[in-house]
Each structure stands twice: as structure tokens, then as C-alpha cells.
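Trainee: only geometry, no sequence info:
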């Protein structure tokens, strides 16, 4: 559904644009940096920041720099507590971790990115900097491929045209035809396995979660390291458990 400009509130759009400037690279941006990133005037950015400060979502840190406050977490918390897929999945994710001794994640597509909705870490240390709200590229992750494989062909073609297949490691698939074939295989098998394409030393497998209409609404992922498991072992030992639990979540959601 296309929403016309006359039906949108520009001040809200600008407020969210300012909030989205704050990320891992810009934890403490200046007013000038925010204005440049949003392409808004400095006076407009100043008014938005003061409004967000009044609401408790940002605070000044000196020298015209700003930072988010913990209150922004409540926005994501409201989603988590009101989202059926997160509420249903979390107990199953804990069981997945117990059965595999590997970390579990739940994610969904948001535009062209994959967004983590929930994560249950394993007890052993695996250096994945991902929490609820973390965004990652779809093309180089097992969960992204599960979610892209469920999209219409025109969505995939638009993704390739607009975003390409940026190499994140030397193992990342960057050939469009090879990528299309990879997605076709994901559809055929019903799961995806990616080894060291997003990050050296990281292996992850994902399976789709469906709602009552059969639509893929999320991906359940289990990740480990090359030091713990080989891709063949992940496929043999981890994937069957992952697929079973993903199907159980889907069934509970009415699929």
C-alpha cells in the first residue's frame, strides 16, 4: 500500500530520522553530524533533539554532542512483549540451546536488512555482537537467505539491483546467478547453512517460521564456530534439531 505525502506527518518522519542516526559507529554524534546524516538544517535538528530530550530519549553530553538514553529500549521492549512470534519462540529457543549447546537467534526482514528480534546465547563464548535490534546484511547470513528465499522473485531482483552482494569475507557469495541458485536450494531444502560468509570462523544454520497462513514471518537460527563444528557436522547434527523446533514454533503459531 502506497502512502501519499499528504497522509504522512513530516515532523514524525524527521524525529525518527534523527533517532536512527545513533548507531554503533555514531554513539555520540554532534549536532552537525546529525544534520549531515539526515540532510536536515541545524536549527531543525536542534529543535528535534530538544524535543527528544524533553521526552527523555536523548541527552546532551557536552560540546554539542548527544547520546541516547536507556529509555529508547522501552520502544523495543513494547514490540517484544506484544509480538506473538517472539513470545512463542523464546521458550523454544531456550530448548534449542539446551539440545545443541549452541546460540539461538530469531530474526525478521525489515526492508533490505535482517533484524534480530531475540537471542539466547550458549554458555560457551562465541564472539557475535548481536542483540535484539541489531541489523545485518541479508545476503551473507543464513537467516537472511531463508527470509529472502520466501520473497517473490521481483523482491529478490530488486534487492540485488539496489544493494548488490557486498563481500564481507573472502567466502561471501558475490555472483548474482550463484546467489539465485543458493536461494533456490534453500527453498528446496527448507533451511540454509552459511559458513564464514559474514564473519570468519562463524557458521550458522537457519530455518523458516511460518504463521497461520503459511507465510514465512521469521527465521530461527543456530550459530557456532568453525573451531567447534564443521559445516558437515552442523548439517548432520544441528540442522535436524533446528528444523524440528522451527516447525514446532510454526505449528504453535497456527501453521
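Mentor: Done, it's in. Computed from a prediction, not measured in an experiment: that's the story for all the values here. Numbering: from 1, shown residues only.
Trainee: for the rest of this, base every contact and every neighbour count on C-alpha atoms.
Mentor: Fine.
Trainee: just the helices in the stretch 51-200 of the chain please.
Mentor: 73-82, 84-100, 142-149, 153-163, 176-189 (DSSP state H, counting those that start in this stretch).
Trainee: output the contacting helices and strands for the third one.
Mentor: Judged by 3 or more Cα pairs under 8 Å, 6 or more residues apart in numbering; DSSP states H and E, helix 142-149 is in contact with strand 103-110, strand 113-120, helix 176-189, strand 192-195, strand 202-210, strand 216-225.
Trainee: go again using 10 Å as the cut-off
Mentor: strand 103-110, strand 113-120, strand 135-137, helix 153-163, helix 176-189, strand 192-195, strand 202-210, strand 216-225 (3 or more Cα pairs under 10 Å, 6 or more residues apart in numbering; DSSP states H and E).
Trainee: can you put these in CSV and add distance to residue 35?
Mentor: Below are the helices and strands packed on helix 142-149 laid out as CSV (distance: least, Cα to Cα, whole Å):
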stretch, distance to residue 35
strand 103-110, 24
strand 113-120, 24
strand 135-137, 23
helix 153-163, 25
helix 176-189, 36
strand 192-195, 38
strand 202-210, 37
strand 216-225, 34
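Trainee: which one, of the ones you listed, ends up nearest to residue 239?
Mentor: strand 202-210 (6.7 Å; Cα to Cα).
Trainee: run the angle between that closest one and helix 84-100 for me.
Mentor: On the basis of axes from the mean of the first three to the mean of the last three Cα atoms, to 10 degrees, strand 202-210 is oriented at 140 degrees to helix 84-100.
Trainee: contact partners for residue 188?
Mentor: Taking Cα atoms under 10 Å, 6 or more residues apart in numbering as the criterion, residue 188 is in contact with 149, 182.
Trainee: so where's this protein uncertain?
Mentor: Applying pLDDT under 70 to the chain flags the ranges 1-2, 76-82, 124-130.
Trainee: try it again at 80.
Mentor: 1-8, 24-25, 73-83, 123-133, 255 (pLDDT under 80).
Trainee: what sits against residue 200?
Mentor: Taking Cα under 10 Å, 6+ apart, one finds 168, 169, 170, 171, 225, 226 in contact with residue 200.
Trainee: same check, this time on residue 113
Mentor: 134, 135, 136, 137, 138, 139, 144.
Trainee: wait, doesn't the last one sit right on residue 182?
Mentor: Read it as residue 144. No: between residue 144 and residue 182 there is no contact under Cα atoms under 10 Å: 11.9 Å.
Trainee: these two: which has the busier surroundings?
Mentor: Taking neighbours as other Cα atoms under 10 Å, residue 144 and residue 182 compare with residue 144 leading, 25 against 16.
Trainee: re the thing from before, let's have the helices of the stretch 51-200 of the chain in TSV, adding distance to residue 207.
Mentor: Output for the helices of the stretch 51-200 of the chain, formatted as TSV (distance: least, Cα to Cα, whole Å):
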stretch	distance to residue 207
helix 73-82	21
helix 84-100	12
helix 142-149	6
helix 153-163	18
helix 176-189	9
